[in-house]
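Colleague: All I have is the shape, not the residue letters:
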């Protein structure tokens, strides 16, 4: 009986294999990431997944090709703390920038000796005899080439939320946080320090610079900064400063990138949905204008 049973099982498996091959021939699976993303678009159109799920899945796929160097905040825009600074100066800097973590350096900005958590400064209120060095947490260093998938795994494993990015020569190139990585999947994560879209478009900052919405009308920007930025470029007309700058640069700028126009330096603070959400605006230096 068992000898007669084996051929029938094999026959059913062969038939199932043949049907699978025919189905794959008629509807072949995706052979590349671009095709996989197209498949996700079709799944949304067929109401198999929602728009939010599609965006997150696409973020996961694209993130697999990205590195820490693609997402990091460049060193020129990092808010750092000098271990030799007076306590009042240090405290003012922490309050003014409103970050939760700060790289701490000694001597030069390339010599990062640890990470200071803003909440740890509260310990000095109860124990003034403590030295700030005793509050420092170890700094984690990663190369620019570190893949975001691996970095996210490390963040989860070692419970660090910030890493210092170094270049091939070991010099500080920037920093990256777990939030920066997650935003590649879920989009921008806002916190209590972010400003709602309907609460304004130009804000003065404590360092005498300004935070300006990427959706700001060019005419309004010219009035606010007494500038003469033209809304037309190469036959194209633009309503917003974000659209004009992206056109001038030839791509949507990433966080930390800068562009000089009409005596003003625009540095990207936040991007969202393939557009710049916030710029930092300040007068351009003579060196900037000569570039």
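Modeller: Received, thanks. None of these values were measured; they are calculated from a predicted model.
Colleague: contacts and neighbour counts: CA atoms only from here.
Modeller: Fine.
Colleague: who are the neighbours in contact with residue 276?
Modeller: 214, 242, 252-254, 268, 270 (C-alpha atoms under 8 Å, 6 or more residues apart in numbering).
Colleague: What strand or helix carries the most centrally placed residue in the chain?
Modeller: By C-alpha atoms, centre = their mean, the chain has its centre lying nearest to residue 180, at 4.1 Å. Assigned by DSSP states H and E, residue 180 falls within helix 178-186.
Colleague: just checking, what packs against the next helix or strand after that helix?
Modeller: Using DSSP H and E, the next helix or strand after helix 178-186 towards the C-terminus is strand 202-204. Counting contacts by 3 or more C-alpha pairs under 8 Å, 6 or more residues apart in numbering; DSSP states H and E, strand 202-204 packs against strand 210-213.
Colleague: Adjacent strands (with direction) for the strand it packs on?
Modeller: Strand 210-213 has its sheet partners listed here by DSSP bridges as strand 202-204 (antiparallel), strand 275-283 (antiparallel).
Colleague: ranking the ones you listed by mean pLDDT, which is last?
Modeller: Note on the strands paired with strand 210-213: strand 202-204 shows the lowest mean pLDDT, a mean of 84.
Colleague: Please enumerate residues in contact with that one?
Modeller: 210-213.
Colleague: Go again with 6 Å.
Modeller: Applying C-alpha atoms under 6 Å, 6 or more residues apart in numbering, the contact partners of strand 202-204 are 210-212.
Colleague: List the buried residues for it?
Modeller: With burial defined by 16 or more other C-alpha atoms under 10 Å, the residues of strand 202-204 counted as buried are residue 202.
Colleague: Residue 59: which of the strands paired with strand 210-213 is closest?
Modeller: strand 275-283 (15.7 Å; C-alpha to C-alpha).
Colleague: For this structure, just list every one of the strands.
Modeller: Assigned by DSSP state E, the strands in the chain fall at 73-74, 81-82, 101-106, 108-117, 141-143, 162-166, 172-177, 202-204, 210-213, 232-233, 236-237, 258-261, 264-272, 275-283.
Colleague: circling back: what is the nearest of the contacts of residue 276 to residue 141?
Modeller: The closest of those to residue 141 turns out to be residue 254 (C-alpha to C-alpha; 22.0 Å).
Colleague: Count the neighbours of that closest one for me.
Modeller: 20 (other C-alpha atoms under 10 Å).
Colleague: quick one, what contacts it?
Modeller: Contact analysis of residue 254 by C-alpha under 6 Å, 6+ apart lists nothing.
Colleague: can we see that at 8 Å?
Modeller: 268, 271, 276.
Colleague: still on that earlier bit, and the helix holding residue 180, what does it pack against?
Modeller: Using 3+ C-alpha pairs under 8 Å, 6+ apart, helix 178-186 sits against helix 51-63, helix 148-158.
Colleague: Surely residue 284 and residue 259 touch.
Modeller: No. Residue 284 is not in contact with residue 259 according to C-alpha atoms under 8 Å; the separation is 9.5 Å.
Colleague: which neighbours do those two share?
Modeller: In contact with both residue 284 and residue 259: residue 265, using C-alpha under 8 Å, 6+ apart.
Colleague: So the residue nearest to the centre of the chain sits against residue 70, correct?
Modeller: No. Residue 180 is beyond contact range of residue 70, at 10.4 Å (criterion: C-alpha under 8 Å).
Colleague: Lovely, talk soon.
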